[in-house]
Structures are given as C-alpha cells and as structure tokens.
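Participant: here's my sequence, what's the structure:
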Amino acid sequence: MSALWTLDRDSVESLRAAFTRDAHRSPLAHVETHHSNASKVSQKKPRSKLSVEHLPNKADMMPEGEEDTSYSSPRPAPATPIPTALVLQENSHRRGGNSLEKAGPEVITVRKNHQPLQAMASRHGRVTAVANIVFRVLTILLALSIISLLAYVTERYNSSKEDFVAANITQGQLGAAQTRVWTKNLRVYPVYIFFAAAGLALLESGVLLAVSVVPKLKGSGGARWATLGLVAVVWGVWIAALVYFKSYERGGKVEWDLWSWTCTKGFVTDKVDMNVMCKQLGAAWYAGLVVAILDFVTVGLIAWGIIESRRRLPKAEVTQV
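Facilitator: Predicted coordinates for the structure are as follows:
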C-alpha cells in the first residue's frame with residue numbers, strides 16, 4: 001500500500017511504535033486446569049518491554065515488488081513550528097491481525113492553525129456588523145423624516161392649488177390684483193420621485209436590518225453579495241433623485257417645481273406658508289444627501305468585508321493517506 005506521509009519522521013515513528021505495541025502484546029491470561037479439584041487459575045504473563053530494535057521496519061512489511069518511497073523526497077521542515085491537529089480515522093473494516101496496514105490509520109488530516117487571522121477577521125466582522133446596524137437605523141430615521149416632510153408639502157399644495165392671493169400690480173401704484181397661489185404648469189413629479197426614493201431606502205434598510213439579526217444569513221457569502229447589490233442599486237436611485245430634485249431648485253424658468261416656486265414667490269396664506277415649505281423641501285434634500293452618503297459607505301464596508309474574508313481566511317489543508 002503506497003501512502004503519502006505529511007508528518008515528520010519522529011511523528012511517524014511514534015505512530016508505528018504505538019500500533020506495533022498493540023499488535024505484539026502477549027495474551028492477557030493463561031488458564032491452567034487442575035483435574036484434582038477442577039478449579040481454574042488465571043495467571044498474567046508480564047508484558048515484554050519493546051525497544052527501538054524490536055520495532056518492525058516498514059520496508060520489511062511492504063509487499064514484494066514494492067518499494068518504500070515515503071522518505072525518497074523528504075519535505076523541508078518549516079522555518080517556524082506550525083501547530084497541527086492530527087485526526088486519525090481507523091479502518092472501519094478492520095478484521096484483526098498483526099499487520100500495520102490493517103491496524104494503521106486510514107486518513108490523516110493536517111490543518112494549520114490560523115487563530116490570529118481568524119481573530120482579526122472576527123474583529124473586522126463585528127465592527128462591520130455594528131456599523132451596518134447603526135447606518136441602517138439612521139437611514140430608517142432619515143427616510144421617515146423625508147417622507148413626512150414631502151407628504152406635508154404635497155398635502156399643502158393639493159389643498160391650496162386652486163386658491164388666489166392678493167398681489168400688487170406695479171410698484172408704487174395703489175391697488176391690488178388677485179393671482180394664483182400656484183402656477184398651472186407647476187411640476188410636482190420631482191417631489192414624487194424623491195418620495196419614492198425615500199420609500200425604497202426605508203424598505204431596503206428594514207430588510208437589511210432584519211437580515212443582520214438572522215444567524216444563518218448574516219455570515220453567508222450569498223447574503224453579503226445580495227446586500228452589496230441591493231445597497232448599490234438603492235444608492236444609484238438616490239443619486240439620480242437628488243440630482244433631478246436639485247436641478248429644479250432655481251427659478252426663472254417657464255416651468256416651475258414646488259421647491260423653486262416656494263423659495264421664489266414666498267406667498268403666505270391661511271393654508272400655506274411658502275417660506276416654511278421652502279425650508280422643509282431643503283431639509284428633505286439634505287437628509288437625502290446624508291442617506292446617499294451612508295449607502296455609499298455601506299457599499300464600501302461590505303466590499304471590504306468580502307475582500308478581507310477571502311484574503312485573511314485561507315482554506316485548511318487536508319491530506320488523505
């Protein structure tokens with residue numbers, strides 16, 4: 001039987017001595033029968049002490065025609081001792097006998113000890129997990145604030161879009177005229193798009209926060225890749241919504257939006273206060289900017305965690321005999 005020995009010579013000699021000692025033990029008891037009194041007496045024979053000369057040579061135990069190639073090309077010893085864990089699995093079909101091939105180990109598995117690397121990866125995983133939970137909680141709070149602000153502004157607009165307000169005709173001339181509080185061609189859908197982005201961020205953060213507390217999902221590689229893809233998509237949506245919402249901030253255009261109209265006109269009626277609404281829309285935009293930054297940092301943390309887990313946790317080396 002040809003075998004690949006991955007242990008050093010001292011460990012192999014120790015294993016050989018242990019199995020040979022079990023194979024060469026003398027009978028445990030000798031029974032003598034006395035015909036006079038029909039009694040049985042058991043006497044134990046002393047065990048013979050084995051020395052190095054008594055150990056069988058592995059070359060003598062090889063079948064004819066085969067050569068022992070275990071030490072033909074010895075591997076160089078490592079510069080520093082590496083702790084190893086030896087796992088021996090005996091032959092399940094063992095039928096007895098004095099042969100080392102029958103009583104010897106069937107599988108020898110050697111694993112390197114990577115405790116320092118595992119400790120570093122564990123610390124990194126804890127920091128990443130805590131940071132993700134904090135970011136998700138902040139995102140949920142900010143998304144709820146954005147949804148509340150946009151819902152209030154939209155409700156004020158819908159309740160007063162047919163109202164009129166008094167306005168001076170010309171400067172320095174007495175008299176006033178009625179003008180509409182909101183122009184007819186007002187663009188409202190930038191607010192709706194921003195509202196949808198906030199709802200998507202709220203849903204994303206809720207799902208990721210729930211996944212982070214499930215032990216079977218939070219440490220798996222598939223969950224990390226799915227989280228990375230989800231956060232990256234939501235981050236892209238946030239960037240598009242922020243740019244589109246900001247592009248209509250300034251007035252002076254034929255077509256206005258809610259933010260530019262409220263900040264430019266500043267009408268105040270019993271239903272609307274455009275100065276307050278302008279500040280609310282600005283606060284919603286800056287809150288969305290913070291959410292986009294948190295999502296960007298989350299993407300970086302997840303990508304870093306995937307790279308570090310691949311680099312710092314090498315696979316265990318397994319050798320079969």
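Participant: could I get the full set of helices for this protein?
Facilitator: Shown for the chain, the helices assigned by DSSP state H span residues 9-23, 100-103, 115-160, 189-211, 215-218, 221-246, 258-265, 274-312.
Participant: check which helices and strands the last one sits against.
Facilitator: Helix 274-312 sits against helix 115-160, helix 189-211, helix 221-246, helix 258-265, with contacts defined as 3 or more Cβ pairs under 8 Å, 6 or more residues apart in numbering; DSSP states H and E. All C-beta spots, glycine's among them, are computed from the backbone N, C-alpha and C.
Participant: quickly compare those helices and say which is most buried.
Facilitator: helix 258-265 (a mean of 22; mean count of other Cβ atoms under 10 Å).
Participant: about what we covered before: Arg310: which of the helices and strands packed on helix 274-312 is closest?
Facilitator: helix 221-246 (9.3 Å; Cβ to Cβ).
Participant: other SSEs contacting the closest one?
Facilitator: Packing contacts for helix 221-246, counted by 3+ Cβ pairs under 8 Å, 6+ apart, involve helix 189-211, helix 274-312.
Participant: returning to that earlier point: can you list the helices of the chain in JSON lines and add mean pLDDT?
Facilitator: Listed next are those as JSON lines, based on pLDDT from 0 to 100:
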{"stretch": "helix 9-23", "mean pLDDT": "65"}
{"stretch": "helix 100-103", "mean pLDDT": "42"}
{"stretch": "helix 115-160", "mean pLDDT": "82"}
{"stretch": "helix 189-211", "mean pLDDT": "89"}
{"stretch": "helix 215-218", "mean pLDDT": "62"}
{"stretch": "helix 221-246", "mean pLDDT": "83"}
{"stretch": "helix 258-265", "mean pLDDT": "88"}
{"stretch": "helix 274-312", "mean pLDDT": "87"}
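Participant: ok, now how distant is Ala129 from Arg136?
Facilitator: Look at Ala129 and Arg136: by Cβ to Cβ, to the nearest Å, they are 11 Å apart.
Participant: ok, Gly282 next?
Facilitator: 25 Å.
Participant: thinking again about what came up before, nearest approach to Lys271 belongs to which of the helices and strands packed on helix 274-312?
Facilitator: helix 115-160 (4.2 Å).
Participant: domains in the protein, by residue range?
Facilitator: 1-18+43-113, 117-312 (automatic domain parsing).
Participant: do I have it right that Leu202 meets Ser145?
Facilitator: No - counting by Cβ atoms under 8 Å, Leu202 does not reach Ser145; the two are 10.5 Å apart.
Participant: circling back to that earlier point, Throw the helices and strands packed on helix 221-246 into TSV and include distance to Tyr157, thanks.
Facilitator: Formatted as TSV, those follow (distance: least, Cβ to Cβ, whole Å):
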stretch	distance to Tyr157
helix 189-211	9
helix 274-312	8
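Participant: for Arg16, find the nearest of the ones you listed.
Facilitator: helix 274-312 (37.8 Å).
Participant: now do the buried residues in that closest one.
Facilitator: Residues of helix 274-312 classed as buried: 274, 277-278, 280-281, 284-285, 287-288, 291-292, 294-295, 298-299, 301-302, 305 (neighbour count, 16 or more other Cβ atoms under 10 Å).
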